[in-house]
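Visitor: my questions concern the predicted model and sequence given below.
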Amino acid sequence: ATTLDGPAAGTFPDGFMFGAATAAYQVEGAAREDGRGPSIWDTFSHTPGKVAGGDTGDVACDHYHRLEADLDLMAQLGLDSYRFSIAWPRIQPTGRGEVNQAGLDFYRRLADGLRQRGIRPLATLYHWDLPQSLQDAGGWGVRETAHAFADYAGIVGGALGDRIDAWTTLNEPWCSAFLGHGSGVHAPGVTDAVTALRAAHHLNLGHGLALQALRGSVPSGAEYSVSLNLHVVHPDRPDVAEDLDAVRRIDALGNRIFTGPMFAGAYPEDLLSDTAPLTDWSFVHDGDLADIHQPLETIGINYYSTSRVRQWDGTGQNNHSTGHNLSSASPWPGADSVQFLPQPAPHTAMGWNIEPSGLYELIMRMHRENPDKSLLITENGSAFDDTVTTADGQRRVHDPERTDYLRRHLEVVLQTIAEGADVRGYYAWSLLDNFEWAYGYSKRFGLVHVDYDTLERTPKDSGLWYAQVARARSLA
Ligand code: PNW
């Protein structure tokens, strides 16, 4: 129930952070500069047929060279916080050993530039750009990668912990494990169900070991989180047991495979039995669950859309789509009996349905299940086919659908806060139009438009609206 002493209707609580997010490979460019080594996304994007239009992150938004201007842009938008990721291959070009000072220097300049402008840095250690040398040694399919990740975390924490006090270990390990190793639509492009499950476990282990390394290297008082793209899954026929079981299976593979070990110290029993025909999970060693289940202040929620599932009737071709229907291989190991159904309009340019109530469900569920943790919406946003117009020499991007998307999701955030959820901030995805993974530059999520010929930035109408909200701290 709404409390009377809660924030005034329509007003965000003091200290609530309005932010925007990016990821290193999606914006930085400068892929071969200052000692950066190759990552699995360099390899993948340079492999013909993997990314729409043959696009790569070689240049991207050239953020690496335009850091000062982009920092000024963030200040202009009135951001309280900026969520970015650190490129592991800039810090350790081969993923192990020797540290590349120039890489650390870039993120030191970024963190200092943010702080000088009163913008709090939130650093993600891993947003999908695994050093290629580690992939050559087995990648997330092998446990050594989790240990290498912890070493990297300790290096970064030691070098930057004096100026960054909010840290996220992994971004969306579901995507790394299952789009990277199940459907293969993301790097490294593997399509093997067991490797995908092994990767999920080694990502969990990497999260726990990295947290321990960060706590050992960053001054106390910092806040730690993980960003999960939790799935909101509804049954097609709520009164049919098989459809409810389909929801349970996807909840296990999409959500509880991470929240179980990370927040409760165990893999769900139903996940182990659902996947028993594929693997006995002997890659989980004694002590791993204790290593994974570390104290954690904050859950980062990345939310875009909802899914609707039913039991597949076995005819035609099953549709494993979660909005990434680019491969016939499934990102859901052992769930071949589950069918994903098309969702009703409205949709974004990704084909994802717009459903703010899904964010409500997710926040309230995480709040209920983890009353001791605070929450951050670490990503939420939408792609639309924007067009730039010029009037009186002024470039404008009219994107009312994006503003509407943001407004409706922010209304939900306010509602959950009024109902007691401890939501501390909201990060729009994304600050800039950028390299949208398998879709290349064809999908635009930015608050700020990027012209990929000139690299000119133009705040969209939605960005200007967001700046107003951040200033007023209210949606009124
Ligand atoms: C997230 N899905 O990706 C990522 O964190 C961002 O880097 C990305 O640009 C953004 O969302 C928009 O796509 C996702 O299939 C990719 O469920 C796929 C899914 C979800 C999130």
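Guide: That came in fine, so what should we check first?
Visitor: and for P219, the neighbour number?
Guide: Using other CB atoms under 10 Å as the criterion, P219 is surrounded by 9 other residues. For every residue, glycine as well, the C-beta is placed using N, CA and C.
Visitor: distance of it from T458?
Guide: Using CB to CB, to the nearest Å, P219 is found at 39 Å from T458.
Visitor: just A187 next, same as before
Guide: As judged by CB to CB, A187 and T458 stand 30 Å apart.
Visitor: and those two? which has more neighbours close in?
Guide: Set A187 next to T458 and count neighbours by other CB under 10 Å: A187 wins out with 29 against 18.
Visitor: is that one in contact with V51, as I believe?
Guide: No: using CB atoms under 8 Å, A187 is not in contact with V51; the gap is 9.7 Å.
Visitor: quick check: neighbours shared by the two?
Guide: Counting by CB atoms under 8 Å, 6 or more residues apart in numbering, the common neighbours of A187 and V51 are F44, S45.
Visitor: up against the ligand, what does the stretch 151-300 of the chain have?
Guide: Contact residues (CB under 6 Å from any ligand atom) of the stretch 151-300 of the chain with the ligand: N171, E172, C175, N229.
Visitor: show the buried residues in the residues you listed.
Guide: N171, E172, C175, N229 (16 or more other CB atoms under 10 Å).
Visitor: kindly reformat these as TSV containing secondary structure and pLDDT.
Guide: Listed next are these as TSV, based on DSSP: H, G, I helix; E, B strand; the rest coil; pLDDT from 0 to 100:
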residue	secondary structure	pLDDT
N171	strand	98
E172	coil	98
C175	helix	98
N229	coil	98
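Visitor: adding distance to S183, write the residues you listed out as a markdown table.
Guide: Formatted as a markdown table, these follow (distance: CB to CB, whole Å):
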| residue | distance to S183 |
| --- | --- |
| N171 | 18 |
| E172 | 14 |
| C175 | 10 |
| N229 | 14 |
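Visitor: just the helices in the stretch 301-450 of the chain please.
Guide: 356-369, 400-418 (DSSP state H, counting those that start in this stretch).
Visitor: next one: the stretch 101-250 of the chain
Guide: 101-116, 132-136, 144-160, 173-174, 180-181, 193-217, 241-251.
Visitor: end-to-end on stretch 297-313?
Guide: Terminal residues of stretch 297-313 lie 43 Å apart, using CA to CA, to the nearest Å.
Visitor: what about that stretch, average pLDDT?
Guide: Computed over stretch 297-313, the mean pLDDT rounds to 97.
Visitor: elements contacting the lowest-mean-pLDDT helix or strand in the chain?
Guide: Ranked by mean pLDDT, DSSP states H and E, the weakest helix or strand in the chain is strand 388-391, scoring a mean of 94. Applying 3 or more CB pairs under 8 Å, 6 or more residues apart in numbering; DSSP states H and E, we find strand 388-391 packed against strand 394-397.
Visitor: and the strand it packs on, which residues are buried?
Guide: For strand 394-397, using 16+ other CB under 10 Å, the buried residues are R396, V397.
Visitor: neighbouring contacts of it?
Guide: D386, T387, V388, T389, T390, H449, E456, T458, P459, K460, D461.
Visitor: low-confidence stretches in this structure?
Guide: 1-9, 321-326 (pLDDT under 70).
Visitor: against the centre of it, work out the most remote residue.
Guide: D392 (38.5 Å; CA atoms, centre = their mean).
Visitor: and the strands in the stretch 251-400 of the chain?
Guide: 298-302, 307-311, 338-340, 374-380, 388-391, 394-397 (DSSP state E, counting those that start in this stretch).
Visitor: pull the first one out as PDB, backbone CA atoms only.
Guide: Read that as strand 298-302. The C-alpha trace of strand 298-302 is given here as PDB (Å, rounded to 0.1, in the frame of the first residue of the first chain):
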ATOM      1  CA  THR A 298      22.600  -4.000  -4.700                       C
ATOM      2  CA  ILE A 299      20.800  -5.800  -7.400                       C
ATOM      3  CA  GLY A 300      21.000  -4.200 -10.800                       C
ATOM      4  CA  ILE A 301      18.000  -4.800 -13.000                       C
ATOM      5  CA  ASN A 302      18.100  -4.500 -16.700                       C
END
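Visitor: make 53 the starting number, not 1.
Guide: I'll keep to 53 as the first residue from here, and by that count the last item is strand 350-354.
Visitor: what's the neighbour count on E120?
Guide: Number of residues near E120 (other CB under 10 Å) recorded here: 10.
Visitor: same deal with T221?
Guide: There are 28 residues near T221, going by other CB under 10 Å.
Visitor: do I have it right that it meets Q264?
Guide: No: T221 is beyond contact range of Q264, at 10.5 Å (criterion: CB under 8 Å).
Visitor: what do the two both touch?
Guide: By CB under 8 Å, 6+ apart, no residue touches both T221 and Q264.
Visitor: what sits closest to R135 if chain neighbours are left out?
Guide: The spatially closest residue to R135, leaving aside those adjacent along the chain, is A73, at 3.9 Å (CB to CB, 6 or more residues apart in numbering).
Visitor: number of residues surrounding that neighbour?
Guide: So A73, with other CB under 10 Å, has 29 neighbours.
Visitor: do I have it right that it meets N486?
Guide: No: counting by CB under 8 Å, A73 stays clear of N486, with 10.3 Å between them.
Visitor: what sits against T358?
Guide: Residues counted as contacts of T358 (CB under 8 Å, 6+ apart) are V284, V285, H286, Q395, N405, E407, G410.
Visitor: count the neighbours of the last one for me.
Guide: Taking other CB under 10 Å as the neighbour definition, G410 ends up with a count of 22.
Visitor: distance of it relative to M418?
Guide: Computed as CB to CB, the G410 to M418 distance reads 13 Å.
Visitor: repeat that for the fifth one.
Guide: For N405, the distance to M418 equals 21 Å [CB to CB].
Visitor: ok, the two, which is more surrounded?
Guide: M418 (23 against 19).
Visitor: with adjacent residues omitted, what lies nearest to the more buried one?
Guide: Spatially, and ignoring its direct neighbours in sequence, M418 is nearest to I351 (5.4 Å; CB to CB, 6+ apart).
Visitor: isn't the one you found right up against L280?
Guide: Yes: contact between I351 and L280 holds when scored by CB under 8 Å: they sit 7.0 Å apart.
Visitor: hang on, isn't V79 packed against A112?
Guide: Yes: V79 is in contact with A112 according to CB under 8 Å; the separation is 5.3 Å.
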